[in-house]
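*Asks:* what shape does this take:
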Amino acid sequence: MSEELRARFLVLASFAADALALGPHWIYDPERIRREFGRIEDLTDPRPPTYHPTRSKGEFTHYGDQTLVLLRSLADRGEFDEEQFSAHWKALFHGYTGYVDAATRRTLENLASGKPPAAAGSDSADLSGAARIAPLVFCLRSRPAELRHAARRQCALTHNHPLVVAAAELLARLTLEVLDGNRPTAVLSELAGDSALEEDLRRAIREGLASAAEETLPAILRFGQACGVKSAFPAAVHLIARYEDDPAQGLIENVLAGGDSAARGLAAGMVFGAWKAGEAVPERWVAGMKAREEIESLLDRLEQVRPR
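*Replies:* So this is what the prediction gives:
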């Protein structure tokens, strides 16, 4: 399959993984998920009590909404412009009806106080700031050094925690290597041995890879279901390692494991799409996304203007 097709699907699969997570997102009790939703194999509506009461089946969590803002910004310029992205990101939350998390609130407060975008990012350690980079990989896939820098900068604009910023660059490297045709677990194994990486991330990769033989629920419960990169990153590695040849199953097991399944899904879905293209997620998930036509149109425009 062509590199362009896999590049397109790394974006679509990342969005689809977020949409799949919407219904049970931030439910930390797996038994409640099973009781209320059954086995989640399709996009679902959130059910009260929920952090997403204004959202419905086929829409995104606030993470997916921010990923879409990044895609729009890139399609406008054909490159990453951090001040423009920050302005687009800030505008999203004017009258926003979705969930506004702590990282967003702190960043908006900093911008309102007069801090420039480069200095306004929160100190949040949540993986979500690093996981929303699929549009950047699509745009800058021909320019690895620029991609790595842009991944760090877009993350720092809202999640200016050193480990999350480093995780953004790592996810960009991983996805780009997979897009070049390298098996995800092979790339992860190489990255685990890269002494230039933060030891916390190298450890997370090793632990995630070592858990590939485990069932997903106990593995994610052991790593932690929460948003922080120290829990969510090894859990995302587990998903990639265990399900690199069955991505849809991995994304289903991800949402059934509860907690911050949306951030884990954005990251794992991106890698799965780069590896398997249209085989990464069922077409019905992609077709069910309410923003599908806009995303496809933006990708078409970005493909024409992105730097080679």
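*Asks:* what mean pLDDT does stretch 247-256 get?
*Replies:* Mean pLDDT, stretch 247-256: 98.
*Asks:* alpha carbons of that stretch, as PDB, please.
*Replies:* Written as PDB, here are the backbone C-alpha positions of stretch 247-256 (Å, rounded to 0.1, in the frame of the first residue of the first chain):
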ATOM      1  CA  PRO A 247      -5.500  -3.000  15.700                       C
ATOM      2  CA  ALA A 248      -9.300  -2.700  15.800                       C
ATOM      3  CA  GLN A 249      -9.300  -5.400  18.600                       C
ATOM      4  CA  GLY A 250      -6.700  -3.400  20.400                       C
ATOM      5  CA  LEU A 251      -8.700  -0.200  20.300                       C
ATOM      6  CA  ILE A 252     -11.800  -2.000  21.500                       C
ATOM      7  CA  GLU A 253      -9.900  -3.500  24.400                       C
ATOM      8  CA  ASN A 254      -8.500  -0.100  25.100                       C
ATOM      9  CA  VAL A 255     -11.900   1.500  25.700                       C
ATOM     10  CA  LEU A 256     -13.100  -1.500  27.700                       C
END
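*Asks:* quick one: that stretch to chain centroid distance?
*Replies:* Distance, stretch centre to chain centre, for stretch 247-256: 14 Å (CA atoms, centre = their mean, to the nearest Å).
*Asks:* now stretch 262-276
*Replies:* 7 Å.
*Asks:* rounded mean pLDDT for it, please.
*Replies:* 98.
*Asks:* repeat that for stretch 186-198.
*Replies:* What stretch 186-198 shows for mean pLDDT is 97.
*Asks:* and for stretch 60-78?
*Replies:* pLDDT averaged over stretch 60-78 gives 97.
*Asks:* cool, stretch 100-118 as well?
*Replies:* Per-residue pLDDT values over stretch 100-118 give a mean of 97.
*Asks:* what of stretch 89-97?
*Replies:* Throughout stretch 89-97, pLDDT has a mean value of 97.
*Asks:* would you mark the buried spots in it?
*Replies:* Neighbour-count burial for stretch 89-97, counted by 16 or more other CB atoms under 10 Å, picks out 89-90, 92-93. Backbone N, C-alpha and C define where each C-beta goes, glycine included.
*Asks:* and for stretch 181-197?
*Replies:* Under 16+ other CB under 10 Å, the buried positions of stretch 181-197 are 182, 184-185, 187-188, 191-192, 197.
*Asks:* in helices, which of those fall?
*Replies:* Counting by DSSP state H, the buried residues of stretch 181-197 place 184-185, 187-188, 191-192 in helices.
*Asks:* would you reformat those residues as a markdown table and include distance to Leu174?
*Replies:* Shown next, in a markdown table, are those (distance: CB to CB, whole Å):
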| residue | distance to Leu174 |
| --- | --- |
| Pro184 | 7 |
| Thr185 | 11 |
| Val187 | 6 |
| Leu188 | 7 |
| Leu191 | 7 |
| Ala192 | 11 |
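*Asks:* wait, which of the residues you listed is closest to Leu256?
*Replies:* Using CB to CB, Pro184 comes nearest to Leu256 of those, at 21.2 Å.
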